[in-house]
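*Asks:* Can you look at this prediction? I've put the sequence above it.
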Amino acid sequence: MRLPLAREGLLFVLPSLFLSLLCCFLHIYSLAIIFFLLFLFFLYFFRNPKSSAAAADDELISPADGKVMAVEELFEAGFIREKIRRISVFMSVSDVHVNRAPCEGCVEKVEHRDGGFKLAFKKGIDDENERNYIVVRRGDERFLIVQIAGFLARRIICYVREADEVKKGETIGMIAFGSRVDLYMPTHYETAVEPGQKVKAGLTKIARRTAV
């Protein structure tokens, strides 16, 4: 059975529940209430709801829950090394923190880079903050997903490794306590979202391939 909770959350959910029950047994009800509230918070924070990737082959789905910060064209010099389109999604503390593959393909590259923890909505953090790069190849196309830590986020988790085959909508990682995910795609993809729009990981269609 699929667990509707990110596996990292078990390290927080189970101890807080145990301590709440223990305090009840010891009749320390004030602490029992505090630990139970923590239990509920961790359940909510690490939730991993079912996602249905009902999108056509030529459509990309959002890799993260949150609000679209920017939609832009630029030259990506590190991995793709060509002009691309980028969609940046900011994840608040209240958003689901599990990240998903925007398309199916083979994981060509995974690289983690250390950095700072500036606010995720500031400019320039894609080169300064701690981040994790995931390159997915599908046929002749290459996509880059970048997990970026922010002020509260102190841990980036990646579930995939190089040479892994991923399916569209499959979980590929999470960022504890939010922050930002960037998706880089070829310029022959037309974006279907705009800045300020709310998106859902694995559900919202954010781009579609046009004729090359």
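*Replies:* That came in fine, so what should we check first?

*Asks:* from here on, contacts and neighbour counts on C-alpha atoms
*Replies:* Fine.

*Asks:* What ranges in the protein fall below the confidence cut-off?
*Replies:* Residue ranges of the chain with pLDDT under 70: 1-3, 51-54, 115-128, 150-154, 177-178, 211-212.

*Asks:* For it, which segments count as helices?
*Replies:* 10-25, 29-45, 125-128 (DSSP state H).

*Asks:* JSON lines for those helices, including mean neighbour count and distance to Glu72?
*Replies:* Conversion of the helices of the chain to JSON lines gives the following (neighbours: other CA atoms under 10 Å; distance: least, CA to CA, whole Å):
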{"stretch": "helix 10-25", "mean neighbour count": "17", "distance to Glu72": "38"}
{"stretch": "helix 29-45", "mean neighbour count": "17", "distance to Glu72": "30"}
{"stretch": "helix 125-128", "mean neighbour count": "17", "distance to Glu72": "14"}
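
*Asks:* Looking at those helices, which is nearest to Val107?
*Replies:* helix 125-128 (20.7 Å; CA to CA).

*Asks:* Ile61: which of the helices of the chain is closest?
*Replies:* helix 125-128 (21.1 Å).

*Asks:* where exactly do the strands run in this structure?
*Replies:* Applying DSSP state E to the chain gives strands spanning 59-61, 66-76, 82-91, 98-100, 105-113, 131-138, 141-148, 155-158, 165-166, 171-176, 179-186, 189-191, 198-199, 205-209.

*Asks:* do you know which of the ones you listed lies nearest Ala32?
*Replies:* Evaluated over those, closeness to Ala32 peaks at strand 171-176, with 25.2 Å, by CA to CA.

*Asks:* The closest one versus strand 141-148: what angle between them?
*Replies:* Angle of strand 171-176 versus strand 141-148, following axes from the mean of the first three to the mean of the last three CA atoms, to 10 degrees, is 20 degrees.

*Asks:* Parallel or antiparallel, which strands does strand 171-176 pair with?
*Replies:* strand 98-100 (antiparallel), strand 155-158 (antiparallel) (DSSP bridges).

*Asks:* Not counting the last one itself, show me its contacts.
*Replies:* With contact meaning CA atoms under 8 Å, 6 or more residues apart in numbering, strand 155-158 is reached by 131-132, 147-149, 172-176.

*Asks:* ok, and the most crowded of the residues you listed?
*Replies:* Counting by other CA atoms under 10 Å, Ala149 has the largest number of neighbours within those, with 31 neighbours.

*Asks:* Could I get the buried residue list for stretch 77-97?
*Replies:* Neighbour-count burial for stretch 77-97, counted by 16 or more other CA atoms under 10 Å, picks out 80, 84-92, 95-97.

*Asks:* Leaving aside the residues adjacent along the chain, what's closest to Gly66?
*Replies:* The spatial neighbour of Gly66 that comes closest, neighbours along the chain excluded (CA to CA, 6 or more residues apart in numbering), is Met91 at 4.5 Å.

*Asks:* and if you look at Lys198?
*Replies:* Counting by CA to CA, 6+ apart, the nearest residue to Lys198 once its immediate chain neighbours are dropped is Lys67, at 4.4 Å.

*Asks:* same deal with Gly173?
*Replies:* Of all residues beyond its chain neighbours, the one nearest Gly173 is Cys158 (4.2 Å), with distances taken as CA to CA, 6+ apart.
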